[in-house]
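Visitor: When you get a sec, could you give me coordinates for this:
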Amino acid sequence: MIKYSFWNNKGGTGKTSLAFQSISIFAELHPDKKILVVDLCPQANLSELLLGGLTGSGSHNLNALHSNTPRRSIGGYFQDRLPSPFLMPTLTVANYISKPHSYNENIPANIDLVAGDALVELQSNAISTLANTQIPGTNTWLKIIDWLNDFVAQVQNEYDYLFVDANPSFSIYTQIAIAATDSMILPVMADDSSRRAVQNAIALVQGLNLPSPIYKQHNFASQLNAAGRLPPRFHLFPKNRLTQYMGPASAYHAVLTEIDTMIQAVQQTNPNVFTFANLADGVTEIRDFQTTGVVAFACGLPFTRMHAGRYRMPGRVVQVKAEYLQNCIDAMNAMVAKL
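Guide: Numbers count the residues shown, from 1 in each chain. A predicted model of the protein is given here:
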């Protein structure tokens, strides 16, 4: 199984929208591959998109999954893990998995979903406490961090790809999310805060360039390494929301170049933290989706299932231009080609 996480500890980079489009289009291009999507962001935006979006009752469909017994979501799984935090209990993991195509016919049928759940935020304190419990002979932190790994192990032979959407934080459930993956997709934007976010991500995930030696022993990477494990490597840095008309706008060019330079500097000293040797293989440019994106995400539509023309949205009618739609499809195809 090939395992990817979508993450950035900075919000607003378009992480979830890129995850939705790239996973959907990847599934279309590879209909013979089974794909499991895990939404480990309490906002559950990716789940709502896959389940129909605003106009397709995505929120209603998500609530229906939460009403199942057991709760058909990642929160439901965590709820059933809390009584047995350090040993995987006998669970039927299929009870927590849904098929988005049953709710949204525009989603390829080879995608299955473990839906997101705001309940995870409420569970976070209990999970963190358990991770810090002292039990002789037991690495309680690692046992907790492996909750998603335990889940995936039950269905390892049923899926070819795992995609995990992680919360823009580095909370305990975010660490559970990314520890279950081998490669990371980290969207950036052409602003200075994204430059700092890349620095933070390299420090948080790989334990590099930490601000002080006191953090070296107990950071995420060092604890995984001590257990003979590796954190996910950086696979792709999509440069998101570039201007629709000009490509990378000149005003932001310096920031994007600085991000490239930062990545290359880390490559020189620690090439093993990346899946790519050449920078060109590890970046892709995504133009601003603009109105096309608004329609796609309101309707839970992959760009490849859209058409140019008029769409009736709540309270208004909007026009999707053929040229802009094709720009979106081309950008996503370029990104998907690197998965």
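
Visitor: rest of the way, CA atoms for contacts and neighbours
Guide: Noted.

Visitor: Would you mind naming the helix or strand containing residue 113?
Guide: Here residue 113 sits within strand 111-114, counting by DSSP states H and E.

Visitor: what does residue 63 give?
Guide: Applying DSSP H and E, one finds residue 63 within helix 58-66.

Visitor: mind checking how far that helix is from the chain centre?
Guide: 20 Å (CA atoms, centre = their mean, to the nearest Å).

Visitor: Okay, helices next: where are they in the stretch 201-339 of the chain?
Guide: 220-226, 250-269, 279-282, 290-299, 322-336 (DSSP state H, counting those that start in this stretch).

Visitor: Nearest to residue 28 among those would be which one?
Guide: In terms of CA to CA, the element of those nearest to residue 28 is helix 322-336, at 10.7 Å.

Visitor: What mean pLDDT does the closest one get?
Guide: Average pLDDT, helix 322-336: 95.

Visitor: again, but for stretch 56-75
Guide: pLDDT averaged over stretch 56-75 gives 97.

Visitor: What are the buried residues along that stretch?
Guide: 56-59, 61-62, 65-66, 70-75 (16 or more other CA atoms under 10 Å).

Visitor: Distance from the chain centre to it, please.
Guide: Averaging C-alpha positions (CA atoms, centre = their mean) puts stretch 56-75 19 Å from its chain's average.

Visitor: do stretch 254-267 as well
Guide: 22 Å.

Visitor: List the buried residues of that stretch.
Guide: Neighbour-count burial for stretch 254-267, counted by 16+ other CA under 10 Å, picks out 255, 256, 259, 260, 263, 264, 266, 267.

Visitor: Just the closest of these to residue 324, please.
Guide: residue 256 (23.1 Å).

Visitor: For this protein, just list every one of the strands.
Guide: For the chain, strands defined by DSSP state E occupy the ranges 2-6, 35-40, 111-114, 161-166, 183-185, 188-189, 233-242, 283-287, 309-313, 316-320.

Visitor: end to end, how far does stretch 74-87 reach?
Guide: End-to-end distance of stretch 74-87 (CA to CA, to the nearest Å): 17 Å.

Visitor: so what does the helix holding residue 63 touch, helix or strand wise?
Guide: helix 45-50 (3 or more CA pairs under 8 Å, 6 or more residues apart in numbering; DSSP states H and E).

Visitor: for the helix it packs on, packing partners?
Guide: helix 15-29, helix 58-66, helix 290-299.

Visitor: Identify, out of those, the most deeply packed stretch.
Guide: For the helices and strands packed on helix 45-50, the largest average neighbour count (mean count of other CA atoms under 10 Å) is found in helix 15-29, namely a mean of 22.

Visitor: Give me the contacts around it.
Guide: 6-8, 33, 35, 45-46, 49-50, 107-108, 110-111, 163, 165, 186-187, 297, 302-304, 332-333, 335-336 (CA atoms under 8 Å, 6 or more residues apart in numbering).

Visitor: And the buried residues of stretch 56-75, which two are furthest apart?
Guide: 56 and 70 (24.4 Å).

Visitor: helices or strands next to the strand holding residue 113 in the packing?
Guide: If you count contacts as 3+ CA pairs under 8 Å, 6+ apart, strand 111-114 packs onto strand 35-40.

Visitor: quick one, helices of the stretch 51-200 of the chain?
Guide: Counting by DSSP H, counting those that start in this stretch, the helices of the stretch 51-200 of the chain are 58-66, 74-81, 119-131, 140-145, 147-154, 172-179, 192-206.

Visitor: can you give me the mean pLDDT across the longest one?
Guide: Averaged over helix 192-206, pLDDT sits at 84.

Visitor: How about it, which residues are buried there?
Guide: Neighbour counts over helix 192-206 (16+ other CA under 10 Å) mark 194, 195, 197, 198, 199, 200, 201, 202, 203, 204, 205, 206 as buried.

Visitor: could I get these as a markdown table with distance to residue 239?
Guide: Below are the buried residues of helix 192-206 laid out as a markdown table (distance: CA to CA, whole Å):
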| residue | distance to residue 239 |
| --- | --- |
| 194 | 10 |
| 195 | 11 |
| 197 | 13 |
| 198 | 12 |
| 199 | 15 |
| 200 | 17 |
| 201 | 15 |
| 202 | 17 |
| 203 | 20 |
| 204 | 20 |
| 205 | 20 |
| 206 | 21 |
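
Visitor: between the residues you listed, which is nearest residue 84?
Guide: residue 205 (27.0 Å).

Visitor: Wait, the closest one touches residue 230, no?
Guide: No - between residue 205 and residue 230 there is no contact under CA atoms under 8 Å: 9.9 Å.

Visitor: what residues are shared contacts of these two?
Guide: residue 221.

Visitor: Render the CA-only coordinates of the helix holding residue 63 in CSV, please.
Guide: The C-alpha trace of helix 58-66 is given here as CSV (Å, rounded to 0.1, in the frame of the first residue of the first chain):
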residue,chain,number,x,y,z
GLY,A,58,-22.7,16.6,2.1
SER,A,59,-23.2,17.9,5.7
HIS,A,60,-26.5,16.0,6.1
ASN,A,61,-24.9,12.8,4.7
LEU,A,62,-21.9,13.2,7.1
ASN,A,63,-24.3,13.6,10.0
ALA,A,64,-26.0,10.5,9.0
LEU,A,65,-22.7,8.6,9.2
HIS,A,66,-22.2,10.0,12.7
